[in-house]
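1. From the sequence below, what's the structure:
(chains A, B, C and D)
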There are 2 protein chains.
Amino acid sequence: MVAQRDAERTRAELLDVATQVFAEDGFSGARVDVIAERTRTTKRMIYYYFASKEGLYLAVLERAYLGIRAAEQELHVGDLSPVDGVRRLAELTFDHHQAHPEFIRLVSIENIHGGRFIARLDSLREMGNPAASLLEDVLSRGRSEGTFRADVDAVDVHMVISAYCVFPVANQHTFGYLFDRDLRDPSRREHLRRTIGDLVVAWLTA
Amino acid sequence: MVAQRDAERTRAELLDVATQVFAEDGFSGARVDVIAERTRTTKRMIYYYFASKEGLYLAVLERAYLGIRAAEQELHVGDLSPVDGVRRLAELTFDHHQAHPEFIRLVSIENIHGGRFIARLDSLREMGNPAASLLEDVLSRGRSEGTFRADVDAVDVHMVISAYCVFPVANQHTFGYLFDRDLRDPSRREHLRRTIGDLVVAWLTA
DNA sequence: GTCGCAATGTACCAACTGGTTCATTGCGTA
DNA sequence: TACGCAATGAACCAGTTGGTACATTGCGAC
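-> Numbers count the residues shown, from 1 in each chain, chains lettered A, B, ... in the order given. This next block holds a predicted model:
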């Protein structure tokens, strides 16, 4: 018989389901009862482990960000030329966003709430941003080599890449409707992927 | 004495307030009572004119888009060279987004809801997209002139510009928190503005 | 002036929703 | 094997919220 009591599993299952539901319906739209229903446990457990709907949302948000950061730790572009390095960094960022739409949705939701929840997660700030650090490095190599322009910093470049990678996921529905173009269609992905590389490289080397 | 009965004014006031409240709190987060309170009229009028909370939201969304389209009609870049034309188009788009954050918020919200509401507003699709049409024109001039690359179309370029212009508004809070950089700070606006021009021109002429 | 109807105000409701109460159960341990 | 406590389940509650019933009022037409 499977263990009938497993605190870790219960907690994890709640987080998984809550991530899905919050990403789908937003904070206000999500219903505690719905989250509980989709679980093998009950609503009581949400309040037992997370104290409140807000506490659950905070836990979901934190875990989502920590997951992203962990993945970023795996990146490495030190052995590539600056030009190949930024292109690769941009493409990997693109892949990553494509693979985690629910994360992007959570971020959108958080911004609609004015970032009032994320502001309480000190853990995120402390751990820094691996992708941005890598970029910092590649960028300075390119600059001292003379191939990259010097009027933008790593955060500027990171913003351009983020903006491009977030958009096809975050705005897929309105854009798709207005321009009759499904930005998430697999057959279009390679073109989009190549484009962010072209874009950033052309810009930095101009 | 001011007119005590003015259907048009009542309707418009409801739409104005509702736009603000929906943009602030999302569809589920917005409260019908709150919208009514901030108006000189009552909740009853919302149901009188818009039938339901959803009806009101649809009206808000439609009006917001129509407003944007109307503004886009004013653009004209036909007398500029292709290079100057795209730069100007990008910069004007940037200005426009900066000036209408509440519109961007509504679009974000709509995407979180899977575009389920906008899909019912046929009026929007019918009117086309002035900015994209202009881009189409400038782009084809640049291509036949030989200055612009040919492996991207107008919608691709429009997406890049949109992504860049939307991001600083839509993600200001999470980005601002994580990178300790206020993307909406007026002192940074000019730099951001110039950058989208540089980016697109460098890319297209690469 | 008074009739007809659009427009409006008030009070109310039924359903929903986040959160709680309290009893119960399984698991490690002495 | 009995004890202590983490973990769990089910029923319940009080505040909130979208929506409505119904009475009333102002305005234009004649």
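
2. Please make it C-alpha for all contacts and neighbour counts, starting now.
-> Noted.

3. For chain A, which segments count as helices?
-> A:7-29, A:32-37, A:43-50, A:53-73, A:82-99, A:101-112, A:122-126, A:130-145, A:154-170, A:172-179, A:186-205 (DSSP state H).

4. then the longest one to PDB, C-alphas only?
-> As requested, C-alpha coordinates have been extracted for helix A:7-29 and formatted as PDB (Å, rounded to 0.1, in the frame of the first residue of the first chain):
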ATOM      1  CA  ALA A   7       3.900  15.500   4.100                       C
ATOM      2  CA  GLU A   8       6.400  16.300   1.400                       C
ATOM      3  CA  ARG A   9       4.300  14.700  -1.300                       C
ATOM      4  CA  THR A  10       1.200  16.500  -0.100                       C
ATOM      5  CA  ARG A  11       3.000  19.800  -0.100                       C
ATOM      6  CA  ALA A  12       4.500  19.300  -3.500                       C
ATOM      7  CA  GLU A  13       1.300  18.200  -5.000                       C
ATOM      8  CA  LEU A  14      -0.400  21.300  -3.700                       C
ATOM      9  CA  LEU A  15       2.300  23.500  -5.100                       C
ATOM     10  CA  ASP A  16       2.100  21.800  -8.500                       C
ATOM     11  CA  VAL A  17      -1.600  22.100  -8.800                       C
ATOM     12  CA  ALA A  18      -1.700  25.700  -7.400                       C
ATOM     13  CA  THR A  19       1.000  26.700  -9.900                       C
ATOM     14  CA  GLN A  20      -1.200  25.500 -12.700                       C
ATOM     15  CA  VAL A  21      -4.400  27.100 -11.400                       C
ATOM     16  CA  PHE A  22      -2.900  30.400 -10.500                       C
ATOM     17  CA  ALA A  23      -1.200  30.600 -13.900                       C
ATOM     18  CA  GLU A  24      -4.500  29.800 -15.500                       C
ATOM     19  CA  ASP A  25      -6.800  32.100 -13.600                       C
ATOM     20  CA  GLY A  26      -4.700  34.700 -11.800                       C
ATOM     21  CA  PHE A  27      -4.600  35.300  -8.100                       C
ATOM     22  CA  SER A  28      -8.200  36.600  -7.700                       C
ATOM     23  CA  GLY A  29      -9.600  34.300 -10.300                       C
END
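
5. Show me what it is packed against.
-> helix A:32-37, helix A:53-73, helix A:101-112, helix B:7-29, helix B:101-112 (3 or more CA pairs under 8 Å, 6 or more residues apart in numbering or on different chains; DSSP states H and E).

6. Might you list the low-confidence residue ranges for chain A?
-> Residues of chain A meeting the criterion pLDDT under 70: A:1-7.

7. Show me what from it comes close to DNA strand C.
-> A:3-5, A:28-33, A:43-44, A:47, A:51-54 (CA under 7 Å from any atom of the strand).
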